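*Asks:* With the input below, show me the fold.
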Amino acid sequence: MNFDRDYDMRDEIEHDGKFTSLGPSPYASELLSKHKLGPGTLQIWSDGAINIHNPKKPGGWSSVFVYNKMLMCTQWAGVAPTTSQRMELTGALEGLRAVLEGRHKELDTIVYNTIEVVSDSAYLTNCFLQMWWLEWKYNGWKTSTTGEDVKNRDLWEEIISVVEQLESKGLKVTWKKVKGHCGIIYNEVADKLAVKGKLSVS
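*Replies:* Sure, this is the predicted structure:
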């Protein structure tokens, strides 16, 4: 079975709304209906964007859900004022939360035991790949170098809580860093949706 075949994104970045569920392309739907796929990995490609030159500091976040290289659904929103780091974290948080809460019916048709969060943000991924969050919690949410309060603690704690809830259901959550703006298809889709979110509140 070849999952590299091109599929129709159906202009997903042109859809309006905070949560945009597109569902699989016609080709992906055909595969899912004809073949029982074994346990696999659900990817959440997340991204954030912000316009620092706008006094309103508008930002956007996005989550793109991919299974066996197939686009399943997307979600995005705009926020103002905000920061780039908060949008990067929110994209991942809302993606994980959507899985936990069952927001997208398209994901009900697939079987997976691992959720891989993919982001071009080292700030986000390194926190979990290098276990920064454990040190932060141990230090009372103070940085080890300066003793200052950890920024965006509220979002970090929410992400940790959602991850723990997913893991309590038997799901493994992993993290992956990719290079941004270099033509990786789902990173580009996530970027366009985050920008769309930013523009929606500009």
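*Asks:* CA atoms for contacts and neighbours, from now on please.
*Replies:* Noted.
*Asks:* can you pull out the helices in the protein?
*Replies:* In the chain, the segments counted as helices under DSSP state H are 26-34, 84-101, 122-129, 132-138, 153-168, 185-200.
*Asks:* Contacts for the fourth one next, please.
*Replies:* The set of residues external to helix 132-138 that reach it, using CA atoms under 8 Å, 6 or more residues apart in numbering, is N126, C127, K142, T143, S144, V150, W156.
*Asks:* and the gap between the first one and G197?
*Replies:* Relative to G197, N126 is positioned 25 Å away (CA to CA, to the nearest Å).
*Asks:* In terms of packing, which of these two has more residues around it?
*Replies:* G197 (27 against 15; other CA atoms under 10 Å).
*Asks:* Next, the contact list for the more buried one, please.
*Replies:* G59, G60, W61, S62, W76, A77, G78, V79.
*Asks:* which regions of this structure sit below the pLDDT cut-off?
*Replies:* By pLDDT under 70, the low-scoring segments of the chain are 1-39.
*Asks:* mind checking how far the residue positioned nearest the centre of it is from S63?
*Replies:* Central residue of the chain (CA atoms, centre = their mean): S46, 3.0 Å from the mean position. S46 is 4 Å from S63, where distance means CA to CA.
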